[in-house]
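Student: no FASTA, just this:
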């Protein structure tokens, strides 16, 4: 028959998996997953700070439960413990979150890197929960190496980098139907529209303090392809309803 333990020993029992070491492992998972989440949030990805932090801490907690959560039933006849079972379920279960982040639009697949990052964050959390601190820290460093350094390297290798990406900021008159024509013009010029962000606030409210353009809105386009960017910019600037075209990265205006 199971005997109840004193509340103090249940709440703070190092041998039962509720001691300083376990709290430290959860804390490390919190820190490392937060770092990854911050990087994703800075990149304005669909899964940012809170998602990655919760995934990392949750995975670490699952590992703690897997290792220490069944000690009270051990020793009973027919009861055995396999700590790897919960870990295996975390690996497969996290795929549901990653799958929800992947979108296919025409010939473009978006969200693969974010989904892979979620998967990696879960693995880092599991490593923290399993006490593999060095591996968890090394995997976190590997994440930043891949997402921050690799793009700088591949940009110098045309065969790997693929078509370059260009950001354009276009202000236009609302209600003229010009936005759809802008996207169509980009496609016809040989570019694929990767991202579209529309800001319908008045142009006068912009941080750069430019002159007001009543009834105007802005759209930020990220395009990639092998077309002629200057020719496209000139074409867009001459469209009816377009107020101006600029490149935020270079600070140039056309």
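Tutor: The structure has been received and is ready for your questions. It should be emphasised that the depicted structure is a prediction, and the values quoted were computed from it without experimental measurement.

Student: Can you give the domain ranges for the protein?
Tutor: 12-154, 163-253 (automatic domain parsing).

Student: possible to save the ones you listed as TSV with mean neighbour count?
Tutor: Any C-beta I mention is one placed from the backbone N, CA and C, and that applies to glycine too. Listed next are those as TSV, based on neighbours: other Cβ atoms under 10 Å:
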stretch	mean neighbour count
domain 12-154	17
domain 163-253	15
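
Student: mean pLDDT for those domains: which is lowest?
Tutor: Among the domains of the chain, domain 163-253 has the lowest mean pLDDT, at a mean of 75.

Student: quick one: the strands in the stretch 101-250 of the chain?
Tutor: 103-105, 108-110, 165-173, 191-199, 216-225, 242-247 (DSSP state E, counting those that start in this stretch).

Student: Any chance of the ones you listed in JSON lines with distance to residue 62 as columns?
Tutor: Listed next are the strands of the stretch 101-250 of the chain as JSON lines, based on distance: least, Cβ to Cβ, whole Å:
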{"stretch": "strand 103-105", "distance to residue 62": "28"}
{"stretch": "strand 108-110", "distance to residue 62": "29"}
{"stretch": "strand 165-173", "distance to residue 62": "38"}
{"stretch": "strand 191-199", "distance to residue 62": "34"}
{"stretch": "strand 216-225", "distance to residue 62": "37"}
{"stretch": "strand 242-247", "distance to residue 62": "46"}
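
Student: and the gap between the spatially closest residue to residue 139 that is not a sequence neighbour and residue 182?
Tutor: Counting by Cβ to Cβ, 6 or more residues apart in numbering, the nearest residue to residue 139 once its immediate chain neighbours are dropped is residue 124, at 5.1 Å. In this view, residue 124 and residue 182 are 42 Å apart by Cβ to Cβ, to the nearest Å.

Student: Wait, a strand at residue 24?
Tutor: No. Residue 24: not assigned to a strand; according to DSSP: H, G, I helix; E, B strand; the rest coil it is helix.

Student: beta partners for residue 217?
Tutor: Taking DSSP bridges as the rule, residue 217 bridges to residue 172.

Student: Could you list the residues in contact with the strand or helix carrying residue 85?
Tutor: Using DSSP states H and E, the element containing residue 85 is helix 84-100. Contacts to helix 84-100, defined as Cβ atoms under 8 Å, 6 or more residues apart in numbering, come from residues 47, 51, 55, 59, 62-63, 65-66, 115-116, 118-119, 122-123, 126, 130.
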